[in-house]
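Novice: Provided below for reference: sequence and predicted model.
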Amino acid sequence: MNKSVYDAPDQVTETKRHILTVLVDNEPGVLARVIGMFSGRGYNIDSLNVAEVSNDENLSRITIVTHGTSEVVNQIEKQLLRIVPVHTVTNLDQEGSSVEAEVALVYIYVSESNKKKVYHLCDFYRARKIENENNTTIFEIAGASDRVNRFIKEINEITKVEIVRSGPVAISSIEKNEEE
Amino acid sequence: MNTEITGAEIVLKSLAEQGVEVVFGYPGGAVLPIYDTLFKQNSIKHVLVRQEGGAIHAAEGYARSTGKTGVVLVTSGPGATNVVTGLTDAMMDSVPVVCITGQVPQHLIGSDAFQECDTTGITRPCTKHNYLVKDVNKLSSVFHEAFTIAQNGRPGPVLIDIPKDVQFAKGSYIEKNKIVIPSHRLFEPSPSFENTKIEEAVEIISKSKKPIFYIGGGCINSGPKASKLVREFIDLVGSPVTMTLMGLGVVASSDKNSLGMLGMHGMYEANMAMHECDVMINIGARFDDRVTGRLDAFSPNSKKIHIDIDASNINKTISVDIPIIGDVKKVVEQMLSIWKNKNYRIDQENLKNWWTKINKWKEVNCLSYNKDSKQIKPQYAVQRLYELTKNTKTFITTEVGQHQMWAAQFYKFEEPNRWLTSGGLGTMGYGFPAAIGAQVGNPDALVVDIAGDASILMNIQEMSTAIQYRLPVKIFILNNEYMGMVRQWQELLHGGRYSESYTDSLPDFVKLAESYNAEGLRAKTSDELDGVIDQMIKSKKTVIADIWVTKEENCFPMIQSGSAHNEMLLSKDQKQDKKSAEKGKILV
């Protein structure tokens, strides 16, 4: 709706977060096609996740978190479908019920003074300590992005941390028939 | 048993099976094996251009004038980068083109080898799809899929990048009919899904009081039958119809219902009718910004029906009431049969009133210009060209600028596929190579490139191509020694400061033609014009006709950027209101 050189009519819907899941042929360049469409047309990618989901059919699933009005996201979906190796595009927010999860790995600077607080918080959020050769304190937390955000906020208040996040993946939770 | 052949042979065999008759190209190191194979066969003709950019525009001209797919063959590196403009042009205007590029051998990819570039990376956003073929055994299936993708749905360019070692390697050929393309890789809208919407659309049209058809290039891409059906439907409805730059010819210019072109330099009556209509039927057009003008004032009181094969065009800039995704030919065929079966008829009283209103707008006579007895007015030159060529099978190509708009306004097209112009991308230098392609595809027709003095110089090197293949293309230059449209915008929006828009040091076009052994003609005054045009048409040679036109003529009517359909300027004396002028200045 706002993709013209002329002023767009008043925006009719509010900007919100959308999770798009895109099933693609796993062929060279397919990821570049998808992200190139976003940058070329001025859309946003908040996070992106790609992995092969089926060996025999050579399919990959791309999960993209974006934000925009429903008109913009609708246009994104249609532009994605124009890409030749794209099979399907699903907007999980529109579908209603879906579950999402992401993983964060957190390197925590632990000292004697904060150790107790740190472990208590990690325990509360069910973050799991990952053993490693250097014996440093690295925790893994998985779950919905909101939960990970809250954990990071709270741990940041206690001590210095370094974080990597996978960005969410999501799947529709609607009941399906096996034949489909 | 399948005998193995080289990759280069597979390329030629695939092209032959796809029915390709001609390839436009330019050789180089990374495509030598394919050129060697080309040398050893006779079924496919090669047209050697003088710069790769010419090859792709020629392929576009060939495709649009014949309805077939244009094929381009160029080398790696600069060969590939030189076709980028043409690929983008074909992408914007939905022209089916298959472009084959050579690539350095696989073991050198990524090493910054001589004439290496990331061709698939560079061309990804300006092709419908592209391939880097690493396995010779996949080559034939890639070719067959590429041709299908180029032609299927909304047509467009497809590029195939072939490393040199793959051209030499031996593999087996697979025939077209043995290849299955998964449906998700193609764009076939399911027709049944749209049925109820089509019925609803037809009913709305039948109840309209002030309908207008807004016809675009999609009708031409859907094939000649689509134009026939569209004409029949409009005739039955009795509604006025306007066409976009790309849609000219779908409905005959002489048709009683035709209001001509709409948009920035379209007809006053067409734009006013778009503004005031109550039902708009968009068939194969995409609400381009040159057409809509200011969006918040675009046809404010109409119900909009939009037929398009590309779902992403729906609600992209203008939200519509009834979107129908499908091929024009199929959708309009259904609309026609519903209209006939239900015996629909528009209220004739309403229709009469609508036409009365439109006829009032026509009286404005928006294309009028000050005639001059001595100087050649550019509008007059196109009018005379039309009058003197209208009884011949004529293809008109153009470059980009004022001359293009005058050609669209004053040349009357009676049939589809006769008008080849760069609409979406606005590529100066398109017209001459496109004319070469059109002449290759239509050897017996008259092909005229209406050009400007600045645009023609962008691909003037293709004179050699025209001469080599004895293509009697006519270049009709409206020479005002300016980049006319740039100068016009500078006059209207930038205080008449003609920054770099004067084309100094122009060649003597007559001598230029003669140096190529073509024919050079010149008209300096109105009374010389007809003689020059006659001589140009009669000549069996390639001709450059240098027509000296009024230098500072402006192209009117005009919707300036930032204005709406009902705010057209009819002449220089009118001014855009200051507020929209300021807003419009920052737009393109």
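Specialist: Yes, it's here.
Novice: residues near A:Gln75, how many?
Specialist: A:Gln75 has 24 neighbours, counted by other Cβ atoms under 10 Å in any protein chain shown. C-beta coordinates here come from the backbone N, C-alpha and C atoms, glycine included.
Novice: wait, B:Tyr502
Specialist: The burial count for B:Tyr502: 15, using other Cβ under 10 Å.
Novice: pull the CA atoms of stretch B:181-200 into CSV?
Specialist: Taking Å, rounded to 0.1, in the frame of the first residue of the first chain, the C-alpha atoms of stretch B:181-200 are listed here in CSV:
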residue,chain,number,x,y,z
ILE,B,181,8.2,-29.0,-13.9
PRO,B,182,6.7,-29.0,-10.4
SER,B,183,3.6,-26.8,-10.3
HIS,B,184,4.9,-24.5,-7.6
ARG,B,185,7.7,-23.4,-9.9
LEU,B,186,5.1,-22.1,-12.3
PHE,B,187,2.3,-19.6,-11.9
GLU,B,188,-1.0,-21.2,-12.7
PRO,B,189,-3.9,-19.5,-10.9
SER,B,190,-6.7,-22.0,-10.3
PRO,B,191,-9.6,-20.8,-12.5
SER,B,192,-12.4,-22.3,-10.4
PHE,B,193,-11.4,-20.2,-7.4
GLU,B,194,-12.1,-17.0,-9.2
ASN,B,195,-15.4,-17.9,-10.8
THR,B,196,-17.8,-16.2,-8.3
LYS,B,197,-15.7,-13.1,-8.4
ILE,B,198,-15.9,-13.0,-12.2
GLU,B,199,-19.7,-13.3,-11.9
GLU,B,200,-19.8,-10.5,-9.4
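Novice: domains in chain B, by residue range?
Specialist: B:5-173, B:193-362, B:378-548 (automatic domain parsing).
Novice: can you put those in JSON lines and add mean pLDDT and distance to A:Thr159?
Specialist: What follows is the domains of chain B, written out as JSON lines (pLDDT from 0 to 100; distance: least, Cβ to Cβ, whole Å):
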{"stretch": "domain B:5-173", "mean pLDDT": "98", "distance to A:Thr159": "43"}
{"stretch": "domain B:193-362", "mean pLDDT": "96", "distance to A:Thr159": "49"}
{"stretch": "domain B:378-548", "mean pLDDT": "98", "distance to A:Thr159": "56"}
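Novice: go through those and name the closest to A:Glu175.
Specialist: domain B:193-362 (24.1 Å; Cβ to Cβ).
Novice: check whether the closest one contacts chain A.
Specialist: Yes - against chain A, domain B:193-362 shows contacts by Cβ under 8 Å from any Cβ of the partner chain at B:289, B:292-296, B:310-312, B:314-317, B:319.
Novice: now, of these, which are buried?
Specialist: B:289, B:292-295, B:310-312, B:314-317 (16 or more other Cβ atoms under 10 Å in any protein chain shown).
Novice: including secondary structure, could those go into TSV?
Specialist: Listed next are these as TSV, based on DSSP: H, G, I helix; E, B strand; the rest coil:
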residue	secondary structure
B:Asp289	helix
B:Thr292	helix
B:Gly293	coil
B:Arg294	coil
B:Leu295	helix
B:Asp310	coil
B:Ala311	helix
B:Ser312	helix
B:Ile314	coil
B:Asn315	coil
B:Lys316	coil
B:Thr317	coil
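Novice: residue 20 - nearest residue in space that isn't next to it in sequence?
Specialist: If you meant another chain, say so; for now it's chain A. Spatially, and ignoring its direct neighbours in sequence, A:Leu20 is nearest to A:Ile64 (4.7 Å; Cβ to Cβ, 6 or more residues apart in numbering or on different chains).
Novice: that's the wrong chain, I meant chain B
Specialist: Among residues not flanking B:Val20 along the chain, B:Val71 sits closest, at 5.2 Å (Cβ to Cβ, 6+ apart).
Novice: the one you found contacts B:Glu21, correct?
Specialist: No - with contact defined as Cβ atoms under 8 Å, B:Val71 does not reach B:Glu21; the gap is 9.1 Å.
Novice: name the residue in these two with the higher neighbour count.
Specialist: The neighbour comparison of B:Val71 against B:Glu21 (other Cβ under 10 Å) goes to B:Val71, with 26 against 15.
Novice: and the more buried one, that one's in a strand?
Specialist: Yes - the assignment for B:Val71 (three-state DSSP) places it in a strand.
Novice: beta partners of the closest residue to B:Lys524 other than its chain neighbours?
Specialist: Closest residue to B:Lys524 apart from its sequence neighbours, by Cβ to Cβ, 6+ apart: B:Trp548 at 4.8 Å. Assessed by DSSP bridges, B:Trp548 has beta-bridge partners B:Asn479.
Novice: so which bits of the lengthiest helix in chain A are buried?
Specialist: Counting by DSSP state H, the longest helix found in chain A is helix A:145-158. Neighbour-count burial for helix A:145-158, with 16+ other Cβ under 10 Å as criterion, is recorded at A:145, A:147-148, A:151-152, A:155, A:158.
Novice: ok, now stretch B:337-356?
Specialist: Those would be B:338-339, B:346, B:351, B:354-355, for stretch B:337-356 by 16+ other Cβ under 10 Å.
Novice: what's the answer for stretch B:462-482, then?
Specialist: Going by neighbour count (16+ other Cβ under 10 Å), the buried part of stretch B:462-482 is B:462-467, B:469, B:471-482.
Novice: from B:Gly452, how far out is the residue in the stretch 451-588 of chain B that chain A sits nearest to?
Specialist: Per Cβ to the nearest Cβ, B:Leu587 is where the stretch 451-588 of chain B lies closest to chain A, at 4.9 Å. With distances taken as Cβ to Cβ, to the nearest Å, B:Leu587 is found 23 Å from B:Gly452.
Novice: A helix includes the residue of the stretch 451-588 of chain B closest to chain A, no?
Specialist: No - under three-state DSSP, B:Leu587 sits outside any helix and is assigned coil.
Novice: which residue sits closest to it, ignoring its sequence neighbours?
Specialist: Nearest one to B:Leu587, counting by Cβ to Cβ, 6+ apart, is B:Ser561 at 4.0 Å.
Novice: helix, strand, or coil at that neighbour?
Specialist: B:Ser561 ends up coil, using three-state DSSP.
Novice: that one and B:Glu553, how far apart?
Specialist: If you go by Cβ to Cβ, the gap between B:Ser561 and B:Glu553 works out to 20 Å.
Novice: higher neighbour count, B:Leu587 and B:Gly452?
Specialist: Taking other Cβ under 10 Å, B:Leu587 and B:Gly452 do not tie; B:Gly452 has more neighbours (30 against 14).
Novice: right, and that one touches B:Val486 too?
Specialist: No - between B:Gly452 and B:Val486 there is no contact under Cβ under 8 Å: 10.4 Å.
Novice: spit out the residues that contact the two alike.
Specialist: Jointly contacting B:Gly452 and B:Val486 under the rule Cβ atoms under 8 Å, 6 or more residues apart in numbering or on different chains are B:Gly401.
Novice: which of the buried residues of stretch B:462-482 fall in helices?
Specialist: B:463-467.
Novice: assumed B:His144 was part of a helix.
Specialist: Yes - assessed by three-state DSSP, B:His144 belongs to a helix.
Novice: can you report how many residues lie near it?
Specialist: 20.
Novice: now do the contacts for residue 173.
Specialist: No chain in the question, so chain A it is. So A:Ser173 contacts A:97-99 (Cβ under 8 Å, 6+ apart).
Novice: you looked at the wrong chain, it should be chain B
Specialist: B:Tyr173 neighbours (Cβ under 8 Å, 6+ apart): B:2, B:5, B:9-10, B:13-14, B:140.
Novice: try 6 Å
Specialist: B:10, B:13, B:140 (Cβ atoms under 6 Å, 6 or more residues apart in numbering or on different chains).
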